[in-house]
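In: Quick one, structure for this:
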Amino acid sequence: MPDFPSPLPPIICRYSRTAGQWQAWFEGPLSVPSGGALPIDAVRGLLERSGTPAGQVVTLHIDADLVGGEVLTRTATWDPPELRYREA
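Out: I've put the predicted structure just below:
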């Protein structure tokens, strides 16, 4: 299993018109995005593909809509296959 920084870099999730889907990636220069029909699909795919261990706390920056008019910031715990959101 790879070593994971603690905390993980934030996850960015935006809609890509070119790809026609939501894309999620770890903030930073070397992250490869994961895609999905919904934001949660893209984030879940990224966490599963990267081998992120259960119990890892993640910070999410997700566009609130397809045009990116507002960014929602949430904190969640990865409990495969679910994300358990914390109270704001």
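In: Could you list the low-confidence segments of the protein?
Out: Low-confidence segments of the chain (pLDDT under 70): 1-6, 88.
In: Direction included, what does the longest strand seen in it pair against?
Out: Of all segments of type strand in the chain, defined using DSSP state E, the longest is strand 71-79. If you go by DSSP bridges, strand 71-79 pairs up with strand 57-63 (antiparallel), strand 82-85 (antiparallel).
In: Could you check the longest one and say which residues are buried?
Out: By that I understand strand 57-63. Using 16 or more other C-beta atoms under 10 Å as the test for burial, strand 57-63 gives 58, 60, 62-63. C-beta here means a position set from N, CA and C on the backbone, and glycine is covered the same way.
In: now the helices for the chain?
Out: 39-50 (DSSP state H).
In: Find the centremost residue of it, please.
Out: Nearest to the geometric centre of the chain sits residue 43, at 3.6 Å (C-alpha atoms, centre = their mean).
In: who are the neighbours in contact with it?
Out: 11, 13, 24, 34, 36, 60, 62, 83 (C-beta atoms under 8 Å, 6 or more residues apart in numbering).
In: Is it correct that residue 9 is in contact with residue 24?
Out: No - using C-beta atoms under 8 Å, residue 9 is not in contact with residue 24; the gap is 12.0 Å.
In: Counting neighbours, go ahead and name the busier of these two.
Out: Neighbours were counted for residue 9 and for residue 24 using other C-beta atoms under 10 Å; residue 24 has more, 25 against 13.
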